[in-house]
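Engineer: Mind looking at a prediction? Sequence and model below.
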Amino acid sequence: MSNWIEVGTVNDIPKLGARVVKSMRGDIAVFRTADDEIFAIVDSCPHSGGPLSQGIVHGKAVACPLHNWNIDLETGDVLDPDHGCARVIPVSSKDGIVRIYVEAEATGTHG
Amino acid sequence: MKKLVVIGNGMAGMRCVEEILKRNADQFEITVFGAEPYGNYNRIMLSPVLSGEKTFDEIVINSPEWYAENKITLHTDAEVTEIDRAAKVVKSANGIEAAYDKLLIATGSEPFIIPVPGKDLDGVISFRDMNDVNVMEEAISQYKNAVVIGGGLLGLEAAYGLQRRGMKATVIHLMDTLMERQLDEAAGFLLKQELEGRGIDVLTGANTKEIIGENGRVKKVCLADGREIAADLVVMAVGIRPNVSLGQSAGLEVERGILVNDQLVTSDADIYSIGECVQHRGDCYGLVAPLYEMGKVLADHITGTDNAYQGSVTSTKLKVSGVDVFSAGDFSGGEACEDIVLRDAARGIYKRVVLKDNKVQGAVLYGDTTDGAWYFQMLKDGQDISDIRDLLIFGQAFASGGGATADPLEAVAALAMDAEICGCNGVCKGDIVTAVNEKGLTTLDEVKAHTKASASCGTCSGLVENLLKVTLGDSYQAQTVKPMCGCTEHTHDEVRAAIVEQGLKSIPEAYQALEWKTPDGCSSCRPAMNYYLLCAWPGEYVDDTQSRYINERAHANIQKDGTYSVVPRMWGGLTNPKELRAIADVAEKFDVKTLKVTGGQRIDLFGIKKEDLPAVWADLNAAGMVSGHAYGKSLRTVKTCVGKEWCRFGTQMSMDLGVQLEKLSWGSYMPHKFKMAVSGCPRNCAEATIKDFGVICVDSGYELHIAGNGGIHVRATDLLCKVASEQEVLEYCGAFVQLYREEARYLERTAPWVERVGLDYIKQIVVEDEAKRKELNARFIYSQKFWQDDPWAKAVNEEAAAREFKPLSAVAAE
Ligand code: SRM
Ligand SMILES: Cc1cc2nc3c(=O)[nH]c(=O)nc-3n(C[C@H](O)[C@H](O)[C@H](O)COP(=O)(O)OP(=O)(O)OC[C@H]3O[C@@H](n4cnc5c(N)ncnc54)[C@H](O)[C@@H]3O)c2cc1C
Ligand code: SF4
Ligand code: FES
């Protein structure tokens, strides 16, 4: 089985918005920027677990809906003045099809 | 009274009329003919109108009222076609005749059209008047490619404006250097680089051979070297030619322009001429400063003071935001001329001063034009600069001993009193300082109004402002209002004003026009912008849900665990068995964890999953309930007490009035949340005195209270006024809400807003000015037509809503 899993099309995600992909390991937020770049991050804010998919997307960042931390969509880093890091999920969007990379390892130990 | 007829309602003619009126308002009965359909406007500012930085209304100099107040007869749309010098009468194309004792010709100039094939096609225009701008506006909304022929001041301003408004602009310039008459090669190159960096294509050394059309409209431009450039709009800006035809046919002496002497009198002693249409001592001018100078001299002459126009030395500035270019005098070099040059590549600065016999002969400044006025002054005065020669190029602050800190305030302070500040209007430092001191001026606008400094091309406004600071010292009140957020320098109020004045109708358009520093704003400015737009353009603006905070996007309140709470509206805090039953059913069906009566007199259902929201709403809708907007910057609740219907102390029907107020205002979005309450007597059981709008019923009517809130800083309301009927309560409420909607800053609740603008201000508008109150209320009711639509019902029925509430997909990993 390929690790790249098709989850939908770019047009399924609103511009400057996000949709949630449900996975066994919890929700994944898939974001679309104004330039149609696609990013995916585990849907949980490093601050207090807020659902990042519900935030306001601007530039290449999202503002968490609970306490307005800003997270860099590319790296998952929390932007100044706060600190932390959210987990980024590899994502591709060739020909309008969005795929995310799911690690199919046995140990289940990652960051 | 003698009759003065003016032909040409433009910048030179009307400035001269203003000067005459200043000297003697009763000497003439004045009639003005203008070929354009407007009063007099600031032609220079057509460039910022095109680029969207100004509106036409902002550039009007003399409104129709001004003509009426000054008893001037204005004929617009009336081109004069004949001057009968023998009978002393002028006639216009639309049949108006006017007799004169003195005639003033101020017909300006005509754009030069290069005689290439295709020049008459649709979409080929010049850039001279408001009509041209209107044609360009139309093209902007329909087409993509614009070609500007001519890389001079006008052409570049046109290209900049068109590009900024979304067209792809290409400049075709015959010479190798842009603005070659004002700039040297180095500065021309920097300018070209800058414009190219902004996406404008610049073709130099390019000779236009032909313009090709399709179905009568321009399609492309062909160059002599074979290149072809796609074009849906061609703007010719290759130069101007004095408009002499009328003078010529009247038999006046004419060469390139209408010939005038030092008193601006033509070859007919009763006919004067000023402006771009004249030729004086061999020179024709194309900038306003000389024309204003002519206007003053002629006004003196006409009103009996001796004066003579000696000709002018001019300087040029380019009005492209963010590009500072200044040029004056002669810098072609030549024998006995010496150059002093300063280049600072990192800061993009180039300065060159040309000297001859220790005097400034010319100057070109690129990137930093602060010292332009200083060099220009020395040039005009023919000042010997031997003493400061070493420091000259570093600018005035340095040369006058100000040291290494090029503090702009010190630089202004160091200027001599006769140094010119505003080149267009010939206003020196002394004029401004005197006006500020004598008239007690404190703002840039006041200085502009009193001295005309910075009233024409506007490039000196920074200088004028600094001068104001220096003159007022500590008493200068800098604007302390903060920008909206890190994405912009503009304040909330400036943004709101710009949206209305410039007719900005979408977030991208507003960001573009207001030069936002980020591509799509941030989580702080986007919701504010979305609100300002929906408030300004009811029924027209399409709400941008991606610019709303999650609660408003999902029409529910997000909770700490990511679930949502749902609060249906209970009008005035009233409910009934049917509603209660529906709520109970929903609570069971969707496994609601907590059911709670809120502080706002209604019921909250907690712990609902986002996917379930549409189904919950469908069930509540079926029982007749709509969204309570507990999530919104909008009307929240109207609390009531039981009132006269049951209570032994009640004086009025408070429950019923509360319901009416809620029906009036629900659904409306506002700068912040808005709460109301109606208490049936002064015991005030509904806590109306800590609400945004509170009503306390008394025997004789209704006390209206405003601007209270609970929260961390409790604020009790102010009494707005007392009214006699329920009808009035509703009208005052609508007006107050609308004033708040239109004027408060986003996330400013009524309490801080009213404290900022003052209770008296609100009273003046809502209480004392009946007309304003009624207008505000009418605007509110109009806007409500578009918002009193239950967002829940909409979401339940809309396809798009599926995207908001359903997951994209589920992946079964591992
Ligand atoms: C549910 C409720 C508490 C309750 O269980 O009773 C409540 C809940 C919240 N209030 Fe409240 N307020 C509730 C009545 C009030 C009242 C009482 C009232 O309206 O008479 C007040 C004082 C009156 C006032 O607003 O001035 C009140 C003053 C506040 C404030 C302070 C407002 C201020 O201007 O200072 C906040 C903070 C804010 O808005 O920034 C706040 C904020 C909140 C928030 C939005 C906090 C948050 O950001 O999550 C809570 C949302 C909970 C939710 O998800 O539903 N809540 N809150 C009440 C809902 C009323 C309703 O039916 O819509
Ligand atoms: C886009 C643009 C930008 C500019 N920027 C600058 C700048 O930054 N700095 C600067 O100094 N100058 C600038 N100028 C030049 C400046 O606007 C002109 O020098 C000035 O307007 C000339 O004044 P005027 O009164 O001679 O002519 P106009 O202002 O053109 O007025 C002449 C008026 O006479 C009317 N008219 C002509 N013939 C007749 C007739 N037979 N009967 C009735 N009415 C008639 C015309 O319709 C026109 O309204 C700019 C010009 C343009 C177009
Ligand atoms: S008082 Fe505080 S904890 Fe209680 S609902 Fe309001 S905001 Fe939440
Ligand atoms: S949970 Fe995201 S900012 Fe607090």
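Structural biologist: Looks like it arrived, so ask away. Ligands and ions are numbered 1, 2, ... in the order given.

Engineer: and chain A, which residues reach ligand 4?
Structural biologist: Counting by CB under 6 Å from any ligand atom, the residues of chain A close to ligand 4 are A:45, A:47-50, A:64, A:66-69. The way it works is simple: take the backbone N, C-alpha and C, and place the C-beta from them, glycine included.

Engineer: residues contacting the residue of chain A found nearest ligand 2?
Structural biologist: Per CB to the nearest ligand atom, residue A:34 is where chain A lies closest to ligand 2, at 33.4 Å. Going by CB atoms under 8 Å, 6 or more residues apart in numbering or on different chains, residue A:34 touches A:15-16, B:519-520.

Engineer: what's the pLDDT at it?
Structural biologist: Listed pLDDT for residue A:34 reads 88.

Engineer: residues touching residue 82, list them.
Structural biologist: You didn't say which chain, so I picked chain A. Here residue A:82 is in contact with A:47, A:69-70 (CB under 8 Å, 6+ apart).

Engineer: Oops, wrong one, chain B.
Structural biologist: B:90-91, B:249-250.

Engineer: same deal with residue B:196?
Structural biologist: residue B:202.

Engineer: Okay, residue B:487 and chain A: tell me how far apart.
Structural biologist: 9 Å (CB to the nearest CB, to the nearest Å).

Engineer: Any idea how many residues pack against that residue?
Structural biologist: Using other CB atoms under 10 Å in any protein chain shown, the number of residues around residue B:487 comes to 22.

Engineer: If you drop the residues flanking it in sequence, what lies closest to it?
Structural biologist: Closest residue to residue B:487 apart from its sequence neighbours, by CB to CB, 6 or more residues apart in numbering or on different chains: residue B:518 at 4.5 Å.

Engineer: sec struct for that neighbour, please.
Structural biologist: Using DSSP: H, G, I helix; E, B strand; the rest coil, the structure places residue B:518 in coil.

Engineer: Per-residue pLDDT of it, please?
Structural biologist: 85.

Engineer: can you map out the helices along the stretch 51-200 of chain B?
Structural biologist: B:64-69, B:130-142, B:153-164, B:185-197 (DSSP state H, counting those that start in this stretch).

Engineer: for the first one, packing partners?
Structural biologist: This means helix B:64-69. Applying 3 or more CB pairs under 8 Å, 6 or more residues apart in numbering or on different chains; DSSP states H and E, one finds that helix B:64-69 contacts strand B:73-75.

Engineer: buried set for the strand it packs on?
Structural biologist: Neighbour counts over strand B:73-75 (16 or more other CB atoms under 10 Å in any protein chain shown) mark B:74-75 as buried.

Engineer: List just the one of the helices of the stretch 51-200 of chain B that sits closest to ligand 2.
Structural biologist: helix B:153-164 (5.3 Å).

Engineer: Tell me how confident the model is about that closest one, as a mean pLDDT.
Structural biologist: Helix B:153-164 comes out at a mean pLDDT of 94.

Engineer: is any part of it close to ligand 2?
Structural biologist: Yes - contact of helix B:153-164 with ligand 2 (CB under 6 Å from any ligand atom) involves B:154, B:157.

Engineer: Any idea how many residues pack against the residue in chain A that ligand 1 sits nearest to?
Structural biologist: Nearest residue of chain A to ligand 1: residue A:66, at 8.8 Å (CB to the nearest ligand atom). Applying other CB under 10 Å, we find 20 residues neighbouring residue A:66.

Engineer: Was I right to think it contacts residue A:50?
Structural biologist: Yes - with contact defined as CB atoms under 8 Å, residue A:66 and residue A:50 form a contacting pair (3.5 Å).

Engineer: For chain A, which residues score under the pLDDT cut-off?
Structural biologist: A:1-2, A:104-111 (pLDDT under 70).

Engineer: re the thing from before, looking at the residues of chain A next to ligand 4, point me to the pair that's furthest apart.
Structural biologist: A:49 and A:68 (14.6 Å; CB to CB).

Engineer: where along chain A do the strands fall?
Structural biologist: A:4-9, A:17-23, A:28-32, A:38-42, A:56-58, A:61-63, A:70-72, A:88-89, A:91-92, A:97-101 (DSSP state E).

Engineer: So which of the ones you listed is nearest residue B:330?
Structural biologist: The nearest among the strands of chain A, by CB to CB, is strand A:56-58 at 51.4 Å.

Engineer: if I pick the closest residue to residue A:73 other than its chain neighbours, what's in contact with it?
Structural biologist: Spatial nearest neighbour of residue A:73, chain neighbours left out: residue A:39 (3.9 Å); criterion: CB to CB, 6+ apart. Contacts for residue A:39 (CB under 8 Å, 6+ apart) come out as A:30-31, A:33, A:60, A:73-74, A:88, A:91.

Engineer: beta partners of residue A:39?
Structural biologist: Residue A:39 has these beta-bridge partners by DSSP bridges: residue A:31.
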